[in-house]
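K.L.:
let me see the structure of the following:
(one chain, ligands or ions: 2)
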Amino acid sequence: MKFGYFDDNKREYVITTPLTPFPWINYLGMKDFLSLISNHAGGYCFYKDARLRRITRFRYNNVPLDMGGRYFYIKDNEDFWSPSWMPTRKVLEFYECRHGLGYTIITGRRNGVEVEQTFFVPVDENCEIHYLKITNKSTQPKDLTLFSLIEFCLWNALDDMTNFQRNLSTGEVEIEGSVIYHKTEYRERRNHYSFYSVNVPIDGFDTDRDTFLGLYRGFDAPLAVENGKSFNSEAHGWAPIASHMIKISLQPGEAKELVFVLGYVENDEDKKWLKKGVINKEKAYKMIEKFKNPEDVQRSFENLRLFWSNLLNKFNVLTGIDKVDRMVNIWNQYQCMVTFNLSRSASYFESGIGRGMGFRDSNQDILGFVHQIPERARERILDLAATQLEDGGAYHQYQPLTKRGNNEIGSNFNDDPLWLILSTAHYIKETGDWSILDEIVPFENDPQKAASMFEHLRRAFYHVVNNLGPHGLPLIGRADWNDCLNLNAFSTNPDESFQTCDNKDGKTAESVMIAGMFVYVGKEFVKICERLGKEDIAKDAQYHIEKMKEAILNYGYDGEWFLRAYDYFGNKVGSKENDEGKIFIETQGFCVMAGIGLDDGKAISALDSVKKYLDTEHGIVLVQPAFTEYKIHLGEITSYPPGYKENAAVFCHNNPWIMIAECIVGRGDRAFEYWSKIAPSYREEISDVHKLEPYVYCQMIAGKDAYKPGEAKNSWLTGSAAWNFVAMTQWILGIRPDYDGLLIDPCVPREWKGFTVKRVFRNAIYNIQVKNPDGVSKGVKKVVVDGKEMSSNLIPAFSDGKEHFVEVIMG
Ligand code: BGC
Ligand code: NOJ
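P.N.:
Ligands and ions are numbered 1, 2, ... in the order given. The predicted structure follows:
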């Protein structure tokens, strides 16, 4: 069952009913001012940091769902309703939500009045625009009253939800003309305020929530709206809101447009006040002025569209399969960019409070968007490296506002450092910019402890070498990529988090996944060393890689698949000897990606075991058999009921590792089958089962052991976006940036006749046509570039600003 459809021409997903199984959301904003917006106009916005600079309030886990947003009410005689359906939930004659790239348009119609609401954050502006077009589609004149409503968060989102003894006394506002200013805590240490304006004179306002709503009422039926009249209330403490009242008369067929601006302003310390107690509003005036007329909004909106077109124009494919093309060209790339912007901070599953930016997560995000804005990838890599510890390890998270490592979560996730090498390698391959390695970057954000970026990578590599266990495999530390495989935690206390609890000093528990990663990523490190002429380091690194390969072959293989780990006692994890959790996905992916077992059948056998034991109709589950009881020596993974999260759900993040591995062994049919099982566009048809947005990846889909297999959770901010993009574009389509050019090495289903790709790469445009006359999966027999036959499938980086035509014949 579907709840909408893709409009590929407009690059939109069109939701045709408000009754989606879960709020389906979109993101507005690109850099500092960011918003979440659902198909009911629910959600919130913040400046840079979802915890510390939260501008509007949202109620997670509330009933009804999706409470808090940018709400409008139309009072039409005795009736009142909301064009976004929520919060009044009055039946609409027409409802449509168009989620586009950086904007959302929600249209609702009732009693012949149609309201189209366009929400977006302009490029380079710290505000949300709410542009409304109200049309009288009836045959009678209409005298309407429109009410707006947003509720302010008192900035610190955690404090806002917990510290009522203080917060119910701090709220402050100013009202001037049609603008309502939220200046809570501005009197003291804050130098920022927000405001909500409209471009016409208003007939009333409210700023005190409880006055506006009336006693014991909800957003669904505010007293002011029911009465058709604002109270002109002024908030002092309690809960500040901004609500405008505007009377609108419309002849049949007539339309009126309104522009609301929800803005954020920072003032310099010495320019905070106009006079005692009155805030300096200069910057707000300027921002409001920019969007005075609907034409200004139109221009800014076009600008936004252009901005996204430019970003997405770097990679375009035409396979003739619309479910593939729309993922690759539109939604997967869009999600990669959004995920990069927000890391894992704020979604409908991440509260924006709990987490800073993950070191591992953010490095992986680079892989998905580096082709879109390499400059920002560079900046992010350097920021991440600056939080690295001197021994090469890493703080697991850092705070975006301060860019400092987060002590609360600490370090000791022993896979972390390797992701820095991977992201840097991807960056160099995309851009050819080797100069990043010369950048001088601090350790632990301490300029006294600075070294070159190359040195950061070297220490990252040797962090693994310096932390090996009894089998010569890497010690796992707190955990590796699988945050829930906690082999040193032994937690018995329900009041502590597996992620932060004290760990035993782990000198035994080893990770075969980090071992595979080390070989995979280590090869990049060696290439980088060689390129820089650092032969000695290259040689030594290669030696350690060879030793690691041996350790994996000797101690990391279990007969039919790769083991997952050794536990605290030195026992096998992910082995046929175990009663549960006999086979895990991660090592089958990473070890084959590393090239281990390619020549002796081990790789094929591992991948066939994945097919046999882990593959399901909804994707590949993480582990089998699922754990049915808490095993203290394995940690959080066994805390989840079977089929959920790390305990045998389909993790959309690591399925691509198997797709890539399948491409490496040349099985394009299987790689594509895995890709399409979890691709949102393919799952759209079962949206009632899947529940979440059919245009973006989610972290997990409930596995076969779950109560409802196929049900997804944790959409939007997940490494699944980047890895699925890499698997599809670099391995299945096979357009793979390399240090010296663009490699073309597709691995497709045999029935594919070919495809074309337009790829912008290092300041040149590559028009690539791949033909598959013999119906093979892999292999390139002829490459012609600009009419000249080439001797290899590595196309040079022309970097000449010109278009080039590449013809590739598979066979
Ligand atoms: C989740 C993991 C996540 C970790 C850190 C765990 O509860 O299951 O998926 O990586 O928390 O946030
Ligand atoms: C989500 C986390 O953000 C990521 O870092 C981790 O690798 C996966 N969960 C798997 O546990």
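
K.L.:
give the helix, strand or coil label for the residue of the stretch 1-150 of the chain found nearest ligand 2.
P.N.:
The nearest approach of the stretch 1-150 of the chain to ligand 2 comes at residue 50, 15.3 Å away (CB to the nearest ligand atom). (C-beta placed from N, C-alpha, C; glycine too.) When classified by DSSP: H, G, I helix; E, B strand; the rest coil, residue 50 comes out as coil.

K.L.:
give me the distance between the closest residue in space to it that isn't next to it in sequence and ligand 1.
P.N.:
Computed as CB to CB, 6 or more residues apart in numbering, the closest residue to residue 50 that is not its neighbour in sequence is residue 352, at 2.8 Å. According to CB to the nearest ligand atom, to the nearest Å, residue 352 and ligand 1 sit 13 Å apart.

K.L.:
flag every buried residue along the helix or strand containing residue 246.
P.N.:
Residue 246 is part of strand 240-250 when elements are defined by DSSP states H and E. For strand 240-250, a neighbour-count test (16 or more other CB atoms under 10 Å) marks 240-246, 248, 250 as buried.

K.L.:
what do you get for stretch 207-225?
P.N.:
Judged by neighbour count using 16+ other CB under 10 Å, the buried positions of stretch 207-225 are 207-214, 219-220, 222-225.

K.L.:
same deal with stretch 38-54?
P.N.:
Buried residues in stretch 38-54, counted by 16+ other CB under 10 Å: 38-47, 49-54.

K.L.:
show the average pLDDT along it.
P.N.:
On average, the pLDDT along stretch 38-54 is 96.

K.L.:
pLDDT below threshold where in the stretch 201-350 of the chain?
P.N.:
Judged against pLDDT under 70, the stretch 201-350 of the chain has no low-scoring part.

K.L.:
show me which residues of it are close to ligand 2?
P.N.:
Residues of the stretch 201-350 of the chain lying close to ligand 2 by CB under 6 Å from any ligand atom are residue 344.

K.L.:
and the helices in the stretch 201-350 of the chain?
P.N.:
With helices called from DSSP state H, counting those that start in this stretch, the stretch 201-350 of the chain shows them at 209-213, 223-227, 282-290, 294-312, 322-326, 332-342.

K.L.:
mean neighbour count, the ones you listed: which tops it?
P.N.:
Mean neighbours per residue, mean count of other CB atoms under 10 Å, is largest over the helices of the stretch 201-350 of the chain for helix 332-342, with a mean of 24.

K.L.:
ok, is whichever helix or strand comes after that helix in contact with ligand 1 or not?
P.N.:
Following helix 332-342 in sequence order, the next helix or strand is strand 357-358 (DSSP H and E). No. Counting by CB under 6 Å from any ligand atom, ligand 1 has no neighbours in strand 357-358; the shortest distance is 7.8 Å.

K.L.:
other SSEs contacting the strand holding residue 246?
P.N.:
Applying 3 or more CB pairs under 8 Å, 6 or more residues apart in numbering; DSSP states H and E, we find strand 240-250 packed against strand 127-136, strand 142-155, strand 179-182, strand 192-198, strand 204-208, helix 209-213, strand 255-266.

K.L.:
that one pairs with which strands, parallel or anti?
P.N.:
Sheet pairing for strand 240-250, assigned by DSSP bridges, gives strand 142-155 (antiparallel), strand 204-208 (antiparallel).

K.L.:
so which of the ones you listed is nearest ligand 1?
P.N.:
When the strands paired with strand 240-250 are ranked by proximity to ligand 1 (CB to the nearest ligand atom), strand 142-155 comes first, at 22.9 Å.

K.L.:
find the nearest non-adjacent residue to the closest residue to ligand 1 within the chain, please.
P.N.:
Relative to ligand 1, the nearest point of the chain is residue 483 (3.5 Å; CB to the nearest ligand atom). Distances taken as CB to CB, 6+ apart place residue 499 nearest to residue 483, at 6.5 Å, with adjacent residues excluded.

K.L.:
count the residues that sit near that neighbour.
P.N.:
Number of residues near residue 499 (other CB atoms under 10 Å) recorded here: 21.

K.L.:
so it sits against residue 406, correct?
P.N.:
No. If you go by CB atoms under 8 Å, residue 499 and residue 406 don't touch, sitting 11.6 Å apart.

K.L.:
tell me where the stretch 601-750 of the chain has strands.
P.N.:
With DSSP state E, counting those that start in this stretch applied, the stretch 601-750 of the chain shows strands at 615-616, 619-620, 623-624, 650-651, 698-701, 712-715, 735-738, 741-744, listed in chain order.
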